[in-house]
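**Student:** coords please:
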Amino acid sequence: MRFLLRLSLIQKENILPLNYQYELSSSLYHIFNNGNTDFAKWLHTTGFNKNNKPFRLFTFSNLLITDYKIFDDRIKIFSDEVKLIVSLYPFEIVEPFVTGLFINNTIDLGDKKSKVKFMINNIEKLPDIEFSSEMNFNCLSPIHIAWHNPRTNRIDFLHPDHRLYKELFFKNLVNKFNTYQYYRNLPEENFDISSYKLDILSEPRKKGINIKVNTKEQTHIIGYSYKFKIFCQKELIRIGYYAGFGKANAQGFGCCGIIE
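**Tutor:** Model prediction:
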């Protein structure tokens with residue numbers, strides 16, 4: 001299930017830090033909590049879990065701003081309206097209550113230097129998609145693929161050109177799908193990822209995001225935005241579209257739109 005939220009600025013301040021994804025994620029969890037505490041707690045702390053490897057199966061786009069200017073680490077918003085896509089999988093868990101959850105709520109984003117307060121004026125459930133085994137996408141938020149490098153014993157944030165990128169991209173989709181199957185007491189599927197294709201159609205643009213700024217848990221995550229063509233089972237494409245491609249989806253990574 002995917003929603004388009006329309007936001008308006010309700011104060012004169014219109015300068016936002018470029019690094020707003022963690023605060024936006026927190027605001028969305030807060031809205032979920034106000035509407036359904038049990039669902040919000042489950043989504044935040046547990047999610048779909050298999051062998052202590054949870055997936056939230058939830059993602060959101062960058063703020064979609066038509067008129068803006070970037071300077072230093074800030075973005076100045078000139079648009080009267082800002083859009084946001086929120087995407088959740090699976091549908092039956094959230095559909096009974098989520099459509100009325102967001103309307104007239106506020107979202108506060110920013111830091112000590114600059115803050116912006118948005119009002120959610122409208123929420124629109126986007127049409128369901130007819131998926132096929134070959135589709136084109138563009139990133140509405142960067143895709144994050146990470147790998148534990150045994151040589152350095154560190155986590156590497158992979159560029160799409162890395163030799164392991166495509167393999168890890170598809171393994172992530174398979175793990176999400178089979179974790180959901182496990183949660184529903186359904187049999188896992190055996191996918192042959194060696195036959196899948198991921199074609200990068202544009203120059204990847206790097207974006208780093210700081211999570212939990214000014215805390216002991218502060219981390220820096222890097223993702224890449226690009227256009228791509230994917231060829232694999234449509235069930236995997238469906239879960240990537242609704243739950244996000246790559247890792248850290250609930251922190252605002254991996255939300256993608258379809259290119260017709």
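**Student:** from here on, contacts and neighbour counts on C-alpha atoms
**Tutor:** Noted.
**Student:** and stretch 152-170, how far apart are its ends?
**Tutor:** Taking CA to CA, to the nearest Å, stretch 152-170 runs 24 Å from one end to the other.
**Student:** now that stretch: buried residues?
**Tutor:** By 16 or more other CA atoms under 10 Å, the buried positions in stretch 152-170 come out as 157-160, 165-166, 168-170.
**Student:** and stretch 73-86, by the same measure?
**Tutor:** 74-77, 81-86.
**Student:** which one of the buried residues of stretch 152-170 is nearest to residue 178?
**Tutor:** Distances from residue 178 to the buried residues of stretch 152-170, taken as CA to CA, are shortest for residue 170 (12.4 Å).
**Student:** I'd like to know how far the closest one sits from residue 193.
**Tutor:** Separation of residue 170 from residue 193 (CA to CA): 7 Å.
**Student:** also residue 84?
**Tutor:** Residue 84 is 32 Å from residue 193, by CA to CA.
**Student:** show me how the chain divides into domains.
**Tutor:** Domain ranges of the chain: 2-125, 134-259, per automatic domain parsing.
**Student:** so what touches stretch 246-255?
**Tutor:** With contact meaning CA atoms under 8 Å, 6 or more residues apart in numbering, stretch 246-255 is reached by 21-22, 25, 56-62, 87, 139-146, 169, 172-173, 223, 241-245.
**Student:** so which of those residues sit within strands?
**Tutor:** Those of the contacts of stretch 246-255 mapping onto strands are 58-60, 87, 139, 146, 223, per DSSP state E.
**Student:** contacting residues for the residue nearest to the spatial centre of the chain?
**Tutor:** Nearest residue to the geometric centre of the chain (CA atoms, centre = their mean): residue 59, 3.1 Å. By CA under 8 Å, 6+ apart, the residues touching residue 59 are 86-88, 242-244, 249-255.
**Student:** tell me which two in these are the farthest apart.
**Tutor:** Farthest apart among the contacts of residue 59 by CA to CA are 242 and 251. That separation is 14.4 Å.
**Student:** tell me which of the two has more neighbours.
**Tutor:** Ranked by neighbour count (other CA atoms under 10 Å), residue 242 and residue 251 place residue 242 first, with 25 against 21.
**Student:** test my guess that that one contacts residue 2.
**Tutor:** Yes. Judged on CA atoms under 8 Å, residue 242 makes contact with residue 2 at a distance of 6.8 Å.
**Student:** circling back to that earlier point, top of the ones in strands among the contacts of stretch 246-255 by neighbour count?
**Tutor:** Ranked by the number of neighbours (other CA under 10 Å), the ones in strands among the contacts of stretch 246-255 place residue 60 first, at 30 neighbours.
**Student:** ok, the closest residue to it other than its chain neighbours - contacts?
**Tutor:** Of all residues not flanking residue 60 in the chain, residue 86 sits nearest, at 4.4 Å (CA to CA, 6 or more residues apart in numbering). Under the criterion of CA under 8 Å, 6+ apart, the neighbours of residue 86 are 2-5, 58-61.
**Student:** and residue 86, how far is that from residue 4?
**Tutor:** 7 Å.
**Student:** now swap in residue 179 and tell me
**Tutor:** For residue 179 relative to residue 4 (CA to CA), the value is 27 Å.
**Student:** the more surrounded of these two?
**Tutor:** The residue with more neighbours, out of residue 179 and residue 4, is residue 179; 21 against 17, by other CA under 10 Å.
**Student:** the top helix by length along the chain: how far from the chain's middle?
**Tutor:** Secondary structure of the chain per DSSP state H: the longest helix is helix 165-183. Distance, stretch centre to chain centre, for helix 165-183: 15 Å (CA atoms, centre = their mean, to the nearest Å).
**Student:** same deal with stretch 249-256?
**Tutor:** Taking mean C-alpha positions (CA atoms, centre = their mean), stretch 249-256 and its chain are 1 Å apart.
**Student:** from residue 102, how far off is residue 123?
**Tutor:** From residue 123 to residue 102 the distance is 7 Å (CA to CA).
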